[in-house]
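**Q** sequence plus predicted model, see below.
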Amino acid sequence: MSKEHVELNPAQKKARRSRSIAIGLALGALVIIFYIATIVKFVRPVLEHAM
Amino acid sequence: MALIEQEDAEVHGRLSEATAGDFLELLKPGVMSLVVFTAFVGLIAAPAAPNPFLAIVAVLAIAAGAGASGALNMWYDADIDAIMSRTSKRPIPSGRVGRGEALSFGIVLAALSVMTLGVLANWLAASLLAFTIFFYLVIYTMWLKRSTPQNIVIGGAAGAFPPMIGWAAVTGHISIESVVLFLIIFLWTPPHFWALALFKKGDYDLAGIPMMPNVAGEASTRRQIFAYSALIAPVGVLPWVLGYAGLFYGAVSALLGAGFLWYAWKVLVMPAGDLKMKPAKALFGYSLLYLFGIFAALLADVVISRIGWPGF
């Protein structure tokens, strides 16, 4: 029994790399946005209330 | 053979040759820039002081929602996009992105934008954004666009929501002021798109889309363009009349409105056999300038009144 193997051509490899970089950057930006937003929206009011 | 390969590429996403730039193109960046700008002005004009970071995130979420609408629109309209010269080079008809890829991308982006706006701003703004995406995809793209010449009149509501969403993101409610901002874009949409439809009539004929010039004829369309322009000119001044914009905005919006009427008049008296359609092209270009100008004037007016410019 032989397994099907798909070889990507150079254009497909290049496109996949471009998509991977974009997804990585987008996910990184989302993490940073939610991290800062959490501090701004939830942590700061709690600290101000406590003082 | 090419069709089979394309089908295969859709089934096995790993064979796709779509780059990040192709996906970016699915978001309709040109439309998105206008959405971002009007949403930003709605957000700034609102009578509240949002945290600057959360305000930026809210505008980004609205932009992502608008982009998702664009991607979902291109997914559904791929067949007619391939026919029209204006849209035939879009990522799906040109074969760079598969329809399935565009659909998945649009759904994920729509969900992400609505959830982000809901969690970080408020759920009223998020609901409005979700409704806008639904309205643009289902009511306009799937239903009205191919069935009635009133398609862009009713469908124009989708493009008119962004300043209202920006306003709601800051205040948490809908008010008459944000409804007026909605009305400005809503009334601006028919003359803008009908001017385009006049000189792209052949394209819409080929694709079988019932735009006003194709159904009611050019003369009727020119009259309707003028009627809507006569409405947009006074409605554009309403923010000053209602007192939430100053004299600067009032003067600029009145001038821009008069210009709109002038260009619409030139279209109204355009000779019936005019093939070059210069007045229609001029109105189309001016309408873009009008929308940008009127919202820029409102932004400038609000900023001036808040920082207390001497003499104002």
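**A** In hand now; what should we look at?

**Q** who in the stretch 101-250 of chain B is up against chain A?
**A** B:116, B:120 (CB under 8 Å from any CB of the partner chain). All C-beta atoms are positioned from the backbone trio N, CA, C, and that covers glycine.

**Q** check which helix or strand the closest residue to residue B:46 other than its chain neighbours maps to.
**A** Distances taken as CB to CB, 6 or more residues apart in numbering or on different chains place residue B:170 nearest to residue B:46, at 4.1 Å, with adjacent residues excluded. For residue B:170, the host element (DSSP states H and E) is helix B:151-171.

**Q** pLDDT at the residue nearest to residue B:46, what is it?
**A** For residue B:170, the model assigns a pLDDT of 94.

**Q** what's the local residue count around it?
**A** Residue B:170 is flanked by 23 other residues according to other CB atoms under 10 Å in any protein chain shown.

**Q** surely it and residue B:55 touch.
**A** Yes. The criterion here is CB atoms under 8 Å, and residue B:170 meets it with residue B:55 at 7.3 Å.

**Q** joint contacts of the two?
**A** Common neighbours of residue B:170 and residue B:55 (criterion: CB atoms under 8 Å, 6 or more residues apart in numbering or on different chains): residue B:43.

**Q** check which helix or strand covers the closest residue to residue B:234 other than its chain neighbours.
**A** Nearest residue to residue B:234, sequence neighbours excluded (CB to CB, 6+ apart): residue B:257, at 7.0 Å. Secondary structure from DSSP H and E places residue B:257 in helix B:247-268.

**Q** follow-up on the earlier one: OK, contacts around the residue nearest to residue B:234?
**A** Applying CB under 8 Å, 6+ apart, we find residue B:257 in contact with B:232, B:233, B:234, B:236, B:237, B:290.

**Q** in the helix ranked longest in chain A, what counts as buried?
**A** In chain A, with assignment by DSSP state H, the single longest helix is helix A:10-38. Within helix A:10-38, the residues scored as buried using 16 or more other CB atoms under 10 Å in any protein chain shown are A:12, A:15, A:16, A:18, A:19, A:33, A:37.

**Q** would you mind measuring from the third one to chain B?
**A** Pointing back at residue A:16 there. Distance check for residue A:16 against chain B: by CB to the nearest CB, to the nearest Å, it reads 7 Å.

**Q** quick check: closest non-adjacent residue to that residue.
**A** Of all residues not flanking residue A:16 in the chain, residue A:8 sits nearest, at 6.9 Å (CB to CB, 6+ apart).

**Q** now swap in the fifth one and tell me
**A** With CB to CB, 6+ apart as the criterion, residue A:19 has its nearest non-adjacent residue at 5.6 Å, and that residue is residue B:20.

**Q** quick one: the helix or strand hosting residue B:59 to helix B:151-171, angle?
**A** Using DSSP H and E, residue B:59 maps to helix B:52-76. Angle of helix B:52-76 versus helix B:151-171, following axes from the mean of the first three to the mean of the last three CA atoms, to 10 degrees, is 160 degrees.

**Q** show me what helix B:52-76 is packed against.
**A** Helix B:52-76 makes packing contacts with helix A:10-38, helix B:20-26, helix B:29-45, helix B:99-120, helix B:123-134, helix B:151-171 when contacts are defined by 3 or more CB pairs under 8 Å, 6 or more residues apart in numbering or on different chains; DSSP states H and E.

**Q** OK, now which residue of the stretch 201-312 of chain B is nearest to chain A?
**A** At 21.4 Å from chain A, residue B:306 is the closest residue in the stretch 201-312 of chain B, using CB to the nearest CB.

**Q** where does that residue land in three-state SS?
**A** helix (DSSP: H, G, I helix; E, B strand; the rest coil).

**Q** rewinding a little: would you mind finding the most buried of the helices and strands packed on helix B:52-76?
**A** Highest mean neighbour count among the helices and strands packed on helix B:52-76 (mean count of other CB atoms under 10 Å in any protein chain shown): helix B:151-171, with a mean of 25.

**Q** can you list the weak-confidence ranges in chain A?
**A** Within chain A, the ranges that satisfy pLDDT under 70 run A:1-3, A:51.

**Q** kindly report the same for chain B.
**A** Scanning chain B for pLDDT under 70 picks out B:1-14, B:309-312.

**Q** let's see it at 90
**A** Applying pLDDT under 90 to chain B picks out residues B:1-17, B:30-31, B:48-51, B:84-86, B:201-203, B:205-208, B:244, B:271-277, B:304-312.

**Q** in it, what residue comes closest to chain A?
**A** Chain B approaches chain A most closely through residue B:20 (3.5 Å), counting by CB to the nearest CB.

**Q** test my guess that that residue contacts residue A:24.
**A** No. Using CB under 8 Å, residue B:20 is not in contact with residue A:24, being 10.4 Å away.
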